[in-house]
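> Below is the structure, and that's it, no one-letter string:
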């Protein structure tokens, strides 16, 4: 029997790509989630004591920690600049060590590139793809040394990245990584219902295309609201996840609050819900969790 774990991304409540993760671990537990996904960006600033405290808090509250990352340009593993690629390798090695210390074994995002892409400059999809494959072959091996079981290559819509826009591309990319380095089996496909809504002809078929390489799954409505408040075909998604026997994490990643770096990067220009108080957001998250558990 499939047993999907359900989670939420902390930034649902935040305007910046940082926050009190201890607070959100407790909140996620109180609302009934299995997982809290946190941002990688702040972790390099944590002391060993702070990392230990976060691990203990998660364990005490029976919450699994997963990590998301939209790599900064200086951490672009596919950069045309060899020095940037070398810097990125060192960054990820340090990050994986920190993830091990908090007990997190899954990271997802545009790890193969950077996010969001600066489209004011020309892009080189072929070159970025090849360098990304080479970089991920190395990162897969490094991650294994620190117990990282899943490095999710998030398939993003065309407005945020140019390398992987469809599940077909995501699968081809991951297969190329595995062919180059068979030990990098922890490099997997990551899909997101929001991005699939923009790019895929069929969300169900996209999930089936990822198939056995699907390692992480993000949920959210077409307008980035919580699951259940839009027109996403959840029954179709359920059927496809069942077909591929997916039993990993389903982490909702809603964004409904404008303002701050989060609002700027995600392009939230208005209050997506009538009430953005923390209490109202909590109620919506709790209702979305009930809905997602039922549907998936």
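Arrived safely. Please read all numbers here as calculations on a predicted model, not as lab measurements.
> And the residue nearest to residue 207 when sequence neighbours are not counted, its phi and psi?
Leaving aside its sequence neighbours, residue 207 sits nearest to residue 240 (CB to CB, 6 or more residues apart in numbering; 3.7 Å). All C-beta spots, glycine's among them, are computed from the backbone N, C-alpha and C. As for residue 240, its main-chain torsions (degrees, to the nearest 10) stand at phi -70, psi -40.
> Would you check how far apart residue 172 and residue 79 are?
21 Å (CB to CB, to the nearest Å).
> Looking at those two, which one has more neighbours?
residue 79 (23 against 15; other CB atoms under 10 Å).
> my read: the more buried one touches residue 91, true?
No - if you go by CB atoms under 8 Å, residue 79 and residue 91 don't touch, sitting 11.9 Å apart.
> For residue 7, the count of nearby residues, please.
When neighbours are counted by other CB under 10 Å, residue 7 comes out with 26.
> ditto for residue 46
Residue 46: 16 neighbours (other CB under 10 Å).
> quick one, phi psi at it?
Torsion angles, degrees, to the nearest 10, at residue 46: phi -80, psi 140.
> Contact partners for it?
54, 98 (CB atoms under 8 Å, 6 or more residues apart in numbering).
> Residue 98 versus that one, what's the distance?
7 Å.
> what do you get for residue 105?
For residue 105 relative to residue 98 (CB to CB), the value is 12 Å.
> pLDDT averaged over the helix or strand containing residue 261, what's the number?
Here residue 261, judged by DSSP states H and E, is contained in helix 260-266. Computed over helix 260-266, the mean pLDDT rounds to 97.
> What residues of that helix count as buried?
For helix 260-266, the neighbour count (16 or more other CB atoms under 10 Å) marks 262-263, 266 as buried.
> same check, this time on stretch 265-276
Quick answer for stretch 265-276 (16+ other CB under 10 Å): 266, 268, 272-273.
> got any ranges where this structure has weak pLDDT?
1 (pLDDT under 70).
> got the residue ranges for the helices in it?
21-31, 48-60, 82-102, 125-145, 167-180, 193-199, 203-210, 234-243, 260-266, 278-295 (DSSP state H).
> between those, which one is nearest to residue 13?
helix 278-295 (5.9 Å; CB to CB).
> helices and strands around that closest one, which ones?
strand 5-9, helix 21-31, helix 234-243, strand 249-252 (3 or more CB pairs under 8 Å, 6 or more residues apart in numbering; DSSP states H and E).
> Could you rerun that using 10 Å?
strand 5-9, helix 21-31, strand 214-219, helix 234-243, strand 249-252 (3 or more CB pairs under 10 Å, 6 or more residues apart in numbering; DSSP states H and E).
> and residue 231, how many neighbours does it have?
Residue 231: 9 neighbours (other CB under 10 Å).
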